[in-house]
Structure formats: C-alpha cells, structure tokens
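> here is the input, now give the coordinates:
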Amino acid sequence: MRFQTPLVPGRLIRRYKRFFADVMLDSGDQVTAHCPNTGPMTGLVEEGQRVWVEPNDDPKRKLKYGWRLVDHENGHFTGVDTGVPNRVVREGLQAKAVAELGAYDTLRAEVKYGTGSRIDFLLTRRGLPDAYVEVKSVTLRRDADWAEFPDTVTTRGAKHLEELSQMAAQGHRAVMLYLVQRTDCTRMRVAGDIDPAYGAGLARAQDAGVEVICYATSLSPEGVVLAQALPVGETVP
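Residues are numbered from 1 along each chain as shown. Predicted coordinates:
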C-alpha cells in the first residue's frame, strides 16, 4: 500500500482531543493534522517526536494533513493510522502472502456476522471451511522487541473474540490476525496486565479453536506492506 500523496516530515508539538495533532513541519509551517488513532498511543506522542504527515487537497476535509508515521530516528518507524492495517492485510491476502490463508480464492470485506458486528474479511473456497478473519493493529512496545496488544482496555476486542469462538463452534475457521505496525519488534504478545479480560478472552477463544497469527509490516514514508510472520508469545499476566 503506497501513500496517495508524498509524506512531509515534521516534529510533533502536541496531540489533543484524540483526533488532533499540532505539527511543526520541517518547512517551518505549523499545521494541525488529523490523528487517525483514538487510543492512548503510548510512547508515540511525546513532544518533539519526529513524525510524517500526508497532505491532501480534498475540499471536504477540514484538516489538510493526516498523521501517518512516527519516525524513531534509528531506522525504525511506527504506523499510527488504524485504517491502514485492513488495507495492508487485504493486499496481502489477495497476493497469497498470508501463508495460513493462501488456499482461499474469494475474499469479502465487512461481512455481517455475530451480534451486530462485521468481520474484517470472510474467505471462501469450495471444499474448504469458510475463514472468518479479524484484524487488529498493534503499535505498543514496552519491553525489548515485544509488540503488545491491546494498549488499553478493549471491550469491543473482547466481543470480537467471543464472536470468533462462535464461528469456530459452527465448524468454520476463525482467525485472529495481529498486524504489527512497528519495524522495531520481532515478536508479539497480549498485554494481559493492561486488559485482563481480553487476555482471558483470548485464552478461551484459543481453547474454542480460534487460530492466532501475527504478521509484521514494512513501513517507510513511501508506504506500508505486509512483511514476515512473527511468533506469538505467552500473554503478559
């Protein structure tokens, strides 16, 4: 997935009201960018943080910039746009780059299932059980090279685990796919200390037959693409 418009570098002044970020561009202009992430963004919102924003000339948008990347200035990046993972995973699925799901030939997005929910992707092929795939974006890093999810309590995420379990009970494949939007992590685990209910819910889901897989991303100011599979470790108690 390539960014539609070349990104512009700057320094974060502040992130506020969840959706706004003031940025001082390298050009010397101060702008307000849309922050496409409503979570706490732990470790990603310090004043002076190097960031990359995407300009736009859409008259329907109030803000003319969107925050896309944190640049850790050591060769690594973190993607902050929660709308990106589904686009990246879709491209990966279509390219058969997700080995665990490469046998499927039909993909549908945002299909209704469960209780008032929509699955991110429903994969089908004659002779195979349908595969319900839920995608979660992972951006938290607290220790060594571990990526962790979630970064805050997520009742919605716990609900998705329950609904995936129901699909598994009906004989379908149910897949929880974590996409790590950081290039400085080589493994992933669930932060049960941040959300004990989610940690317990994942354990129940796995017992019910839900598959858990994780993939890395390759990030740069040019774009974001699916990278290699990453191991999933034990949940943080």
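> only C-alpha atoms from now on, for both contacts and neighbour counts.
Will do.
> can you tell me the SS state at Val88?
What DSSP: H, G, I helix; E, B strand; the rest coil gives for Val88 is helix.
> pull up the gap between it and Leu179, please.
9 Å (Cα to Cα, to the nearest Å).
> between these two, which is the more surrounded one?
Leu179 (27 against 19; other Cα atoms under 10 Å).
> state the helix or strand in which the residue nearest the centre of the chain lies.
Central residue check for the chain by Cα atoms, centre = their mean: the C-alpha nearest the mean position is that of Ser137, 1.7 Å away. Taking DSSP states H and E as the definition, Ser137 sits inside strand 131-138.
> now that strand: buried residues?
Under the neighbour-count criterion of 16 or more other Cα atoms under 10 Å, strand 131-138 has 131-138 buried.
> Serialize those residues to TSV and add fields for distance to Ala109.
Converted to TSV, the buried residues of strand 131-138 look like this (distance: Cα to Cα, whole Å):
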residue	distance to Ala109
Ala131	12
Tyr132	10
Val133	10
Glu134	10
Val135	11
Lys136	15
Ser137	17
Val138	20
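> what about Ala216, which SS state?
strand.
> centre of the chain versus stretch 204-218, how much separation?
Stretch 204-218 sits 14 Å away from the centroid of its parent chain (Cα atoms, centre = their mean, to the nearest Å).
> measure that stretch end to end?
Termini of stretch 204-218 sit 31 Å apart (Cα to Cα).
> go through that stretch and flag the buried ones.
Buried, per 16+ other Cα under 10 Å, within stretch 204-218: 205-206, 208-218.
> can you list the residues that contact it?
Identification of contacts with stretch 204-218 by Cα atoms under 8 Å, 6 or more residues apart in numbering yields 161-162, 164-165, 168-169, 173-183, 186, 188, 224-232.
> now the buried members of the residues you listed.
Using 16+ other Cα under 10 Å, the buried members of the contacts of stretch 204-218 are 161-162, 164-165, 168, 173-183, 186, 188, 224-227, 229-230, 232.
> now the most far-flung residue of the chain relative to its centre, what's its secondary structure?
If you look at how far each residue of the chain sits from its centre, by Cα atoms, centre = their mean, the farthest one is Gly28, at 31.2 Å. Counting by three-state DSSP, the backbone at Gly28 sits in coil.
> local confidence estimate at it?
On the pLDDT scale, Gly28 is placed at 98.
> cool, and Ala21?
pLDDT, read off for Ala21, is 98.
> now it. Nearest residue, chain neighbours left out?
Arg15 (4.1 Å; Cα to Cα, 6 or more residues apart in numbering).
> and the pLDDT at that neighbour?
98.
> distance check, Gln171 against Asp130.
No, residue 171 isn't Gln; it's Gly. 9 Å.
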